[in-house]
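Engineer: got a sequence here, can you build the structure:
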Amino acid sequence: MGADLQRSALRRRRPPELVAAEALASERRIALPTECLRSLREHRARQDDERAAAGPDWRDAGLVFTTPTGGPLDPANLTRRFRALLDRAGLRRIRFHDLRHSTATLLLEQGVDLVVIKELLGHAHIGVTATVYAHVRLHLQRQAIDTLGDALNPTDDAPDDPPAAAVIR
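Structural biologist: Here you go, the predicted structure:
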């Protein structure tokens, strides 16, 4: 095992086999909304209670989300619990990973710069972000042109009429 990998495992207090499974280059700092930080603090308090209850059976892997004994979560269990939450809430089933896409889409729709979204998602190149979210950008361009058209030429067209579009080369 390389020295960098060992240092990373020590810094994060995680077993080297967990660190080796991750792309160390993807480590980054991200900003979180205040509500997320509050939830994470509450989660840490609950996890401290779980640690105390587990006693010597606790496996401290330095993970944020763990089993009741500190071990890593089984992805299949996470998927089952996520689906159960969606079902209970009456929402359609999506993949857990789709939450990442929803976040990026919402940020784009709120006018957040694509470079900022690229950094939040951890994409190495802006082209990846631009390609994945091209459909959102086209939708936003259509909205922008419709807004401009309304400002320049207000009409009494029905609001449900499809917007006009043209291919420009």
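Engineer: make it CA atoms for all contacts and neighbour counts henceforth
Structural biologist: OK.
Engineer: list the contacts of the helix ranked longest in the chain.
Structural biologist: As assigned by DSSP state H, the longest helix anywhere in the chain is helix 34-54. The list of residues contacting helix 34-54 from outside it, by Cα atoms under 8 Å, 6 or more residues apart in numbering, reads 58, 64, 68-70.
Engineer: could you turn the buried ones of those into a PyMOL selection?
Structural biologist: In PyMOL, a selection of the buried entries from the contacts of helix 34-54 looks like this (16 or more other Cα atoms under 10 Å):
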select buried, resi 58+68+69+70
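Engineer: Met74: what's it in contact with?
Structural biologist: Residue 74: Asp, not Met. Here Asp74 is in contact with no residues (criterion: Cα under 8 Å, 6+ apart).
Engineer: what helix or strand is the residue nearest in space to the middle of the chain on?
Structural biologist: When the chain is reduced to its mean C-alpha position, the nearest residue by Cα atoms, centre = their mean turns out to be Arg100, at 3.2 Å. Applying DSSP states H and E as the criterion places Arg100 in helix 98-109.
Engineer: next secondary structure after that helix?
Structural biologist: From helix 98-109 onward toward the C-terminus, using DSSP H and E, the following helix or strand is helix 114-121.
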